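A.B. asks: Make a model of this:
(one chain, ligands or ions: 1)
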Amino acid sequence: MPIETIFDTMEYGTAPEDRSVALQWIANHGGLIGPYVNGAFAPARDDLTIRNPATGEKLAGMTLCTKDEVTEAVQSARAAQPDWQKAGGAARARVLYALARLMQKHARLLAVMESLDNGKPIRESRDIDIPLAIRHFYHHAGHAQLMPSALSDRVALGVCGQIIPWNFPLLMLAWKIAPALAMGNTVVLKPAEYTPMTAMIFADICSQAGVPPGVVNIVTGDGSTGAALVDATVDKIAFTGSTSVGRQIQEATAGSGKSLTLELGGKSPYIVFDDADIDSAVEGLVDAIWFNQGQVCCAGSRLLIHEAIADDFHNRLKARMDKLRIGDPLDKSIDVGAIVDPIQLQQIQALVQANTAGQTYHAQTPVPEGCFYPPTLITGLHPADTLMQEEIFGPVLVSTTFRTPAEAVEIANNSKYGLAATLWTENINLALEIAPKLVAGVVWVNATNLFDAAAGFGGTRESGFGREGGWEGLQAYSKPRQPLPEPAQVTPFTGQGAAADDIDRTAKLFIGGKQARPDGGYSQAIFGPKGQLLGHAPIANRKDIRNAVQAQLACGWGKTTGHLRAQILYYLAENLAAQTNRFAERLDAMTGSTTGAEEVRAAVDILFTYAAWADKFEGRAKSVPMRAVALAMREPVGTIAALCSDQHPLLGLVTPMAAALCTGNSITLCASAPFPLAATDFSHILEASDVPAGVVNILTGPQADLAPHLGAHMGLDTVWCLSGAELTQEVQARASSNIKRVWQGAAQDDHDSWLDAGTEIKTIWIPYGE
Ligand code: NDP
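C.D. replies: Alright, predicted model coming up:
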């Protein structure tokens, strides 16, 4: 185009990035890529074709790793793990540092390859994906260095199987591999079928950086390769991808003892209040939903706009959409690149075409032929419409309006997901009131899509569990130094005869702050070691669980202050201590031991301990490399149920209760089945101690009957399985119903682990400056 014409039209020219180095890299590998195992590339096969989505051209052929090849990779990781752990944090830090340096040296190649393989604009891969991936390795080199001193009570898990999606191929690899290696684990990683290329360059870099053979292994393939990795003898599975595959993995790993973290889908709200800086909010929205063609798990794909400014906002947004440039991802002046694959494009098209609600607006901008989809806005939707609820995973924004902040929160939280949320307002008081109320693992205030290695990222509800990044991310790649022994199974005593008391006292369940008869109307006789009848304990059933969880959901305990929670825990301790003799006698009578008084004193002590922690288990302000504070707030995980152990009938009940209450959770305690009477007695202590109704519920009866219902219950966020592996498996097998967290407990005195299990980090990002 002649310069004269350009001055007239002010049109952008093209600014193509050179692809030759990336293509040469592929040619140097014979046009074929395959697994990287034990420090070397294995011979590759042309089983699958890797294409450039922008042009459809073949980039390379790829090996579809078989089960045996996955096993070989896991064996290599297993063999390398002890030495890698023994090498120590400082040695690992140097390797991670070398990885970061080498990635920096090859940053351009990585960025070009990422855009060729995934279709994302080079502007994004060059300025966001690759720098963030590098930052992850630098940051975790530091964590490796600090591990011996800062995390001296934790050790590596062992071999980690890691499965990543196609939307941020190298960044997801970095999020998975850097913390795993820092903590002394070895890894087998499976990149997505569509986008394995940068993982292959990373493998090359591992060899250059002196990563010992077997520490990093990469297996290529499709979903079947991922499934084989899930089945392999690994110690952990870390998965990022769709909620449906995450659910399958949760079911497949049930009862295997494998640690699990899931980073799944989202339908994140983008809330704009009427006092927002509208132009900034429009620009933020461009990043929220058209970054990476909307193929982002935390995309701000649900616009909630204050009714008073909706028309103005939509008009400005449409004007901005019309200016977005769609085209060749390797053109440096392109805003929106290619959709990752024709199959993904078809899914986006099908979802939009099936929608009949609202008004659909496609950006009035040229869209090239092929795997491209125009930025799209659908306004006037009802919160219950399919497209307001389902993840589209494409450049499609849906919009609805609200009138009050309370309504905005209600609509925002009306989702099965809980990954991220964005809010725009010039009123900091409003922002800081709303941010904690949003059900999301990450909240951005007057900004969007901010990420950093120091700040945890992850979701809640069906967006998964576990955090990636920061100190909190290290939990998922380490475990307490002292292994937790499997609790011994206790057989209930049998006997016959009448109770020693002359007045019959019928123990009841404790639900919603009241003594409650069991729904089924059955109870069981409890005998002492000499066969004497001690009393009857009610047998709870599925409906009693339902009632207890309903009471939990209504109790509002999570909104109380740490100070109030401490006061109530102290009051419980006070009232229990006053009844020491009664409880000690009950415990000795049930178990035949003489340590009842000791156990009561320990229970009082644990109540004091968690009362002490209630206003001291704090979050952090993260040091992120930008003008922003990232607040890591500890939020309660929500509604917990616990299967209590038989070992210490009172202490085993009071410990999970105190830890849960301390961190702002409500809890339903399924008491020890052979020794339930200390629990039913304890309900009187709860009644006398100002514990609000529904915060603690106590059920008795065979735990094996209750466990499956706890696992499947949609209202429970977490089940603590403290009574052994068998019931853990029962619960885990059903926990995928709502992607529930399942935790197997920690040593009595490992307070940090109990407190961590009761909380999840919410990261609230607040940029500052004009
Ligand atoms: P998947 O969940 O299918 O894929 C994620 C990863 O898991 C890939 O490496 C995939 O392998 C692998 N995988 C697939 N099936 C299994 C299995 N049974 N066991 C173990 N691993 C498996 O996501 P898709 O890539 O198919 O995308 C589908 C939808 O998922 C998208 O439309 C989007 O909604 C969502 N998604 C969410 C992401 C997020 O970050 N939360 C990221 C990507 C997708 P392979 O790719 O080789 O099939």
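A.B. asks: So which bits of stretch 731-738 are buried?
C.D. replies: The neighbour-count check on stretch 731-738 (16 or more other Cβ atoms under 10 Å) flags 731, 732, 733, 734, 735, 736, 738 as buried. Backbone N, C-alpha and C define where each C-beta goes, glycine included.
A.B. asks: Stretch 296-310 too?
C.D. replies: Buried residues in stretch 296-310 (16+ other Cβ under 10 Å): 296-306, 309-310.
A.B. asks: list the helices and strands the strand or helix carrying residue 124 packs on?
C.D. replies: Assigned by DSSP states H and E, residue 124 belongs to helix 122-124. Here helix 122-124 touches helix 107-118, going by 3 or more Cβ pairs under 8 Å, 6 or more residues apart in numbering; DSSP states H and E.
A.B. asks: avg pLDDT for the helix it packs on?
C.D. replies: Average pLDDT, helix 107-118: 98.
A.B. asks: What of stretch 190-208?
C.D. replies: Mean pLDDT, computed over stretch 190-208, is 98.
A.B. asks: how far is it from where the chain is centred?
C.D. replies: From the chain centre to the centre of stretch 190-208 is a distance of 24 Å (Cα atoms, centre = their mean, to the nearest Å).
A.B. asks: for stretch 761-770, same thing?
C.D. replies: Put simply, stretch 761-770 sits 20 Å off its chain's centre (Cα atoms, centre = their mean).
A.B. asks: what comes into contact with it?
C.D. replies: Residues outside stretch 761-770 that contact it (Cβ atoms under 8 Å, 6 or more residues apart in numbering): 431, 435-436, 440-447, 450, 455-458, 467, 470, 472, 619, 622, 626-635.
A.B. asks: likewise stretch 207-217?
C.D. replies: For stretch 207-217, contacts defined as Cβ under 8 Å, 6+ apart pick out 35-40, 73-74, 76-77, 79-81, 83-84, 87, 95, 98-99, 101-102, 177, 181, 186-189, 203, 206.
A.B. asks: Tell me which of the residues you listed fall in strands.
C.D. replies: Within the contacts of stretch 207-217, membership in strands is found for 36, 37, 40, 186, 187, 188, 189, as judged by DSSP state E.
A.B. asks: so what's the residue in the chain that the ligand sits nearest to scoring on pLDDT?
C.D. replies: In the chain, no residue comes nearer to the ligand than residue 226, which is 2.2 Å away by Cβ to the nearest ligand atom. Note for residue 226: predicted pLDDT of 98.
A.B. asks: relative to strand 186-190, how tilted is the helix or strand hosting it?
C.D. replies: Counting by DSSP H and E, the element that carries residue 226 is helix 223-231. Between helix 223-231 and strand 186-190, the angle comes out at 150 degrees (axes from the mean of the first three to the mean of the last three Cα atoms, to 10 degrees).
A.B. asks: and the residue of the chain closest to the ligand, what does it touch?
C.D. replies: 163, 190, 245.
A.B. asks: Contacts only, for the second one.
C.D. replies: It refers to residue 190. With contact taken as Cβ under 8 Å, 6+ apart, residue 190 is in contact with 65, 161, 162, 163, 164, 218, 219, 220, 221, 225, 226, 229.
A.B. asks: Restricted to helices, list those.
C.D. replies: Counting by DSSP state H, the part of the contacts of residue 190 found in helices is 225, 226, 229.
A.B. asks: Can you tell me the closest non-neighbouring residue to residue 581?
C.D. replies: Using Cβ to Cβ, 6 or more residues apart in numbering and skipping residues adjacent in sequence, the residue nearest residue 581 is residue 597, 7.5 Å away.
A.B. asks: Surely that neighbour touches residue 582?
C.D. replies: No - here residue 597 does not reach residue 582: they are 10.7 Å apart, not a contact under Cβ atoms under 8 Å.
A.B. asks: which ones among the buried residues of stretch 731-738 are found in helices?
C.D. replies: Per DSSP H, the buried residues of stretch 731-738 map to helices at 731, 732, 733, 734.
A.B. asks: okay if I get these as JSON lines plus distance to residue 577 and pLDDT?
C.D. replies: Shown next, in JSON lines, are those (distance: Cβ to Cβ, whole Å; pLDDT from 0 to 100):
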{"residue": "731", "distance to residue 577": "33", "pLDDT": "97"}
{"residue": "732", "distance to residue 577": "37", "pLDDT": "97"}
{"residue": "733", "distance to residue 577": "41", "pLDDT": "95"}
{"residue": "734", "distance to residue 577": "39", "pLDDT": "97"}
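A.B. asks: Near the ligand, list only the ones from the residues you listed.
C.D. replies: Among those, proximity to the ligand is found for none (Cβ under 6 Å from any ligand atom).
A.B. asks: Help me confirm that residue 573 comes into contact with residue 604.
C.D. replies: Yes - Residue 573 is within contact range of residue 604, at 4.9 Å (criterion: Cβ under 8 Å).
A.B. asks: quick one, what contacts the closest residue to residue 686 other than its chain neighbours?
C.D. replies: Closest residue to residue 686 apart from its sequence neighbours, by Cβ to Cβ, 6+ apart: residue 696 at 5.5 Å. The neighbours of residue 696, taking Cβ under 8 Å, 6+ apart as the test, are 510, 657, 661, 666, 667, 668, 669, 686.
A.B. asks: Residue 22 touches residue 112, doesn't it?
C.D. replies: Yes - using Cβ under 8 Å, residue 22 makes contact with residue 112 at a distance of 4.5 Å.
A.B. asks: Check the contact lists of those two and give me the overlap.
C.D. replies: Joint contacts of residue 22 and residue 112 (Cβ under 8 Å, 6+ apart) do not exist.
A.B. asks: any idea where the strands of the stretch 351-500 of the chain begin and end?
C.D. replies: Remark: strands assigned in the stretch 351-500 of the chain by DSSP state E, counting those that start in this stretch are 359-362, 376-379, 396-402, 417-418, 420-424, 442-445, 460-461, 464-465, 478-480.
A.B. asks: Pick the most deeply packed of those.
C.D. replies: Between those, strand 420-424 has the highest mean count of neighbours, a mean of 29, where neighbours are mean count of other Cβ atoms under 10 Å.
A.B. asks: So residue 235 sits against residue 258, correct?
C.D. replies: Yes - contact criterion Cβ under 8 Å: residue 235 and residue 258 qualify, at 6.3 Å.
A.B. asks: Contacts only, for residue 677.
C.D. replies: Contacts of residue 677 (Cβ under 8 Å, 6+ apart): 507, 526, 534, 535, 537, 586, 590, 649.
A.B. asks: that older thread, so which of the buried residues of stretch 296-310 are in helices?
C.D. replies: Short answer: the buried residues of stretch 296-310 in helices (DSSP H) are residue 310.
A.B. asks: Could you list which of the buried residues of stretch 296-310 also contact the ligand?
C.D. replies: residue 297.
A.B. asks: Good, we can wrap up now.
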